[in-house]
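Could you work out the structure for the sequence below:
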Amino acid sequence: MSEPADEAAELEDTFRTAAAEARALPEEMLLPWITAVEPAYRERVAQEAVRAAGFAATPAVVAALREVLSGAGVERRALAAAALGRAGDIASAAAIEGLLVELVEHANQRAFGFTAIALERVGDADAARRLQTLIPTAPDWAVYWINRVVKRLTGHSAPAPEGDWRADPAGYLDRVRAAWSSLDLAAAPMPTVAWGPATASGREAVVHDGRGVFALLPDDQGATSSWPEWDYSWCHGGERLYAAGSVCSTCEVWLTRVGWAPEHAVELAQSVRSAVADVRGLDPALLTAVEPLLGALVSSRYQLRLIDLPLEGLVHESPEPERPLVIAPTQQGLDPATVEQYEDAIASGARPAAVVVAHVNQRQAWDADEPRTSLTGFVLDGHHKLTAYANLDTPARVLLIADRTPPLPTAPDPLSAFDRLIAEAGGRDAH
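Numbers count the residues shown, from 1 in each chain. The predicted model follows:
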C-alpha cells in the first residue's frame, strides 16, 4: 500500500505535466491541493497545483487562487498571480499590482518577473501609470520589468539610449530611466520615426512607440519555465514564426520554424512594394515610404542599409545559422508567374529590393576560446524577388533594416559586426 507522500509525488508530477501541456484538469482534482501547505510534501504538490490551475480557471479555482494570492509566502503568491494572470482575472489586478510593489522590497527578481507578466495579462492599463512613478527609484533589476509592463499595457515604449552600456553602465541606466519616466501614458501611442544622419553604410533611424508587429519576443512560457523570460521567438502579428533560442550567452544560436506569417502582417509588409520596385539608393521618397513599416517594428535604433547580397539556398526546413548570415523566409509557397515577372524585370536592368529586418547575435560557448557572432535576417517582403535573383545568379538587392539593440545577447559594436558579417557573406553596399 502506497504512503501518502508517494501518492503526493505522483500527483505532483501529474500537475506539473498538465501545466507543461497547458491542459485543464478537473477542479475537484485541483481544489484540495491549491491551498495545502502541511506537511512539506503537500507544499510541493500545492505549488504544482497552483501552476496547473491557471489552465482550469473555474470560479471555484479562481477563488482558491485569490486566497493564495492574499496569503503568506511570496513565491506561492507569485505563482498564484501568474495563474490568475493566465486566467485573465481582472478582479485580481489590484492585488497583483500590490504584490509586484512588495516584491521590490523582497528583491525577488524571479517572482517579480512572473508577477509583472501576470499584471500584463490581466490588462489593467491604470497600473502602468502608477508603476511608471517607481522607475526613477526602483532597483536596477526591476526597471526592465516595470518598463515591460508599461509597454505591454499602454503601447508606449522608448528606444534604448545611444551608446554601449558596457562603457558606462550607471549612466546608461540613468538614460533608460529618464526616457521611460518621461513617456506620456495619457496620450494614445503614436509610432514615430526620427531620421538620423546618413553614414557610409546607410541611414540612421530611431523608432519610438514601435508597434511590435514584427518583433523578436519572449515566449513567456510561465508555468513551464524556471525564469520569466528565457526562450525568444521571431513573431509576425503576434504569431510565432521561428523559435530563436534563449537569452543564455553561452548557448548556440538556432532557428526552428514553427509557423508562417498571418495575412494581416503580410499585407502590412507588402504596403511598401511599389516603393521598392526599382531601388537605386536611399532617397527621401523611399525613406518616407518605409516609415510605416519601421513603426511596425519595436522601439529601437536601426540603420537602413542597401546591399547587394549573393544568395545560397539552404535545404533545411528550419535554417540553423551556421553561416555568418542567414535570411529566413516568413511566407509559404511561391507563384512561378510572379517569380518570372521579377526575373524579366531584373534582366531588363531593374533592381527590385527585398525588405529584410536583421539583428546580430554574439555567443561564446563555455568551451570556446572566442565568441561567435552571427547575423539573422527575416524577410518582411520579397520572397519572389529573392528567388528571381537566385535563379539569375545575380546578387539580390536587399533593403536591410539593421537592429542595433536587439534583446538577445549582441556584439559590443553591432554596426561593426553587421559590416563584417555582410562582407563575409559576399555582400556589398549598393550604389
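
For Val45, which residues are in contact?
The neighbours of Val45, taking C-beta atoms under 8 Å, 6 or more residues apart in numbering as the test, are Ala8, Leu11, Glu12, Phe15, Trp33, Ala36. C-beta coordinates here come from the backbone N, C-alpha and C atoms, glycine included.

most neighbours, which of those residues?
Within the contacts of Val45, Phe15 tops the neighbour count with 26 neighbours, counted by other C-beta atoms under 10 Å.

who are the neighbours of the host helix or strand of that one, in terms of helices and strands?
Using DSSP states H and E, Phe15 sits within helix 4-20. Secondary structure elements in contact with helix 4-20, counted by 3 or more C-beta pairs under 8 Å, 6 or more residues apart in numbering; DSSP states H and E, are helix 27-34, helix 40-53.

Could you dump these into a markdown table and include distance to Ala198 and mean pLDDT?
As requested, those are arranged in a markdown table below (distance: least, C-beta to C-beta, whole Å; pLDDT from 0 to 100):
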| stretch | distance to Ala198 | mean pLDDT |
| --- | --- | --- |
| helix 27-34 | 60 | 92 |
| helix 40-53 | 52 | 85 |
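
how does this protein divide into domains?
Under the assignment named as automatic domain parsing, the residue ranges that make up the domains of the chain are 4-181, 192-429.

pLDDT averaged over the last one, what's the number?
Right, the one you point to is domain 192-429. Regarding domain 192-429, the rounded mean pLDDT is 90.

Arg257 - how many residues pack around it?
For Arg257, the neighbour count with other C-beta under 10 Å is 18.

same deal with Ser225?
By other C-beta under 10 Å, neighbour count at Ser225 equals 16.

phi, psi of the residue nearest in space to the middle of the chain?
The geometric centre of the chain, computed from its C-alpha atoms, lies nearest to Leu217 (C-alpha atoms, centre = their mean), at 1.1 Å. When read as degrees, to the nearest 10, the backbone of Leu217 gives phi -130, psi 150.

what does Trp254 give?
Backbone torsions for Trp254, taken as degrees, to the nearest 10, come to phi -150, psi 160.

now swap in Pro228 and tell me
Backbone dihedrals for Pro228, given as degrees, to the nearest 10, come out at phi -60, psi -40.

just Asp168 next, same as before
As for Asp168, its main-chain torsions (degrees, to the nearest 10) stand at phi -150, psi 80.

Equivalent analysis for Ala425, please.
According to degrees, to the nearest 10, the main-chain angles of Ala425 amount to phi -80, psi 0.

that older thread, report the mean confidence score over the helix holding Phe15.
Helix 4-20 shows a mean pLDDT of 84 in the predicted model.
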